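> starting from these lines, generate the structure:
(one chain, ligands or ions: 1)
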Amino acid sequence: MKRHLLSAADLTRDDAELVLTTAAELRSLADRPIKKLPALRGRTVVNLFFEDSTRTRISFEAAAKRLSADVINFAAKGSSLSKGESLKDTALTLEAMGADAVVIRHSASGAPHRLAHSGWVRSSVVNAGDGTHEHPTQALLDAFTLWRHLGESKPSGLEGRRVAIVGDVLHSRVARSNALLLQTLGVDVTLVGPPTLLPVGVESWGVDTSYDLDAVLPKVDAVMMLRVQRERMQGGFFPTPREYSRRYGLDGRRMATLQDHTIVMHPGPMVRGMEITADVADSDRSVIVEQVTNGVAVRMAVLYLLLGGSENPE
Ligand code: CP
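As a prediction, the model looks like this:
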């Protein structure tokens, strides 16, 4: 593994499979009464969140604590950022506190790269979501969830599986990271959405695209629904929310066209009634809550491997 995890493209197939198999070992911890391991005792992980988060922030904190690291949580709200402090001075402050890893979420695409390559910090930098760019640990936890559900004994068994990623691809860092990582793992990816919500140049991503959700659904092993990120939209990308849901929402009628084994995923947060109906989100096919559980094990694996864990974590 490289020193930083900034993009899903940083991961070779061997790297990605190592994260997934390490996560599988660590996930078994969740079933034990005592969930802690001493693997990162004496190491410090800083969670630096400049943008809102529920799942990613909490799961990185849980992951670091389960590995016995010291954890410092920094939220932009209530910090000296409101007094005009820059990313550089914030980074230098963290460096002075001896951070071994900095987990950063930022609304600006590229902020984690800036932190990693500026020389401001010596620690490993993990991208926890930057603007509309990337969210590599989300892609890893999604791949882990696919692996667990599609019945393969090894991550290499994902080769040739088919996944549809549906909705607001244009604004989705989750879609971009998944397109990269799933291709690395040999998965066939189809991006589905209205023409206005597929990025210009998407053909260079190396994946299939479709505007026709009904045609794609019966062919896939997993369908990953994306939130419509209206907070990032200026202007009209579709006529009305009702029209969007009619064309690109996953409801009970569409779910009935899926193959028996096909799973339904969503990175969260969901807008029930927009891209997914409540009956689908709460159905037996939905693995949305399990994705959150898997996020802890995957982020434990990432921290463990980046911070130099070479021996069995136990
Ligand atoms: N999936 C995801 O990144 O969720 P949060 O925004 O709650 O962290």
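
> run the contact check for the helix or strand hosting A164 versus the ligand.
Using DSSP states H and E, A164 sits in strand 162-166. No: if you take CB under 6 Å from any ligand atom as the test, strand 162-166 misses the ligand, and the best it gets is 13.6 Å. To be clear about C-beta, it is placed using only N, CA and C from the backbone, and glycine gets the same treatment.

> for the residue of the stretch 151-300 of the chain found nearest the ligand, which non-adjacent residue is closest in space?
Proximity of the stretch 151-300 of the chain to the ligand (CB to the nearest ligand atom) peaks at P267, 3.9 Å away. In this structure, P267 finds its nearest non-sequential neighbour in V174, 4.7 Å apart by CB to CB, 6 or more residues apart in numbering.

> same thing with Y244?
F238 (4.4 Å).

> how about R57?
Counting by CB to CB, 6+ apart, the residue nearest R57 is F49, at 5.4 Å.

> next: D15.
M1 is the one closest to D15 (CB to CB, 6+ apart), at 5.2 Å.

> now the one you found: how far from the ligand?
To the ligand, M1 is 21 Å away according to CB to the nearest ligand atom, to the nearest Å.

> what's the neighbour count on that residue?
17 (other CB atoms under 10 Å).

> cool, G98 as well?
Neighbour tally, G98, other CB under 10 Å: 13.

> phi, psi for the residue positioned nearest the centre of the chain please.
Taking CA atoms, centre = their mean as the criterion, Q138 is the residue nearest the geometric centre of the chain, at 1.2 Å. Recorded main-chain torsions at Q138 are phi -70, psi -40, according to degrees, to the nearest 10.

> tell me, how many residues neighbour K2?
13.

> same question, H261
H261: 11 neighbours (other CB under 10 Å).

> let the chain start at 4 from now.
In the new numbering, first residue 4, that becomes H264.

> give me the neighbour count for the closest residue in space to it that isn't next to it in sequence.
Distance criterion CB to CB, 6+ apart; nearest residue to H264, sequence neighbours excluded, is D224 at 6.8 Å. D224 has 20 neighbours, counted by other CB under 10 Å.

> ditto for the one 3 residues further on
Residues lying near M227 (other CB under 10 Å) number 27.

> same thing with L95?
Using other CB under 10 Å, L95 has 12 other residues around it.

> one more: R164?
19.

> show me which residues of this protein sit near the ligand.
56-59, 132, 138, 141, 270-272.

> including pLDDT, could those go into a markdown table?
Output for the residues of the chain next to the ligand, formatted as a markdown table (pLDDT from 0 to 100):
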| residue | pLDDT |
| --- | --- |
| S56 | 94 |
| T57 | 95 |
| R58 | 97 |
| T59 | 98 |
| G132 | 98 |
| H138 | 98 |
| Q141 | 98 |
| P270 | 98 |
| G271 | 95 |
| P272 | 95 |
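
> buried residues in stretch 70-87?
70, 72-75, 77, 79, 84 (16 or more other CB atoms under 10 Å).

> so what touches the lowest-mean-pLDDT helix or strand in the chain?
In the chain, no helix or strand scores lower on mean pLDDT, DSSP states H and E than helix 90-99, which sits at a mean of 88. The contact list for helix 90-99, computed with CB atoms under 8 Å, 6 or more residues apart in numbering, reads 49, 51, 75, 77, 82-84, 105, 109, 114, 117-118, 121, 123-126.
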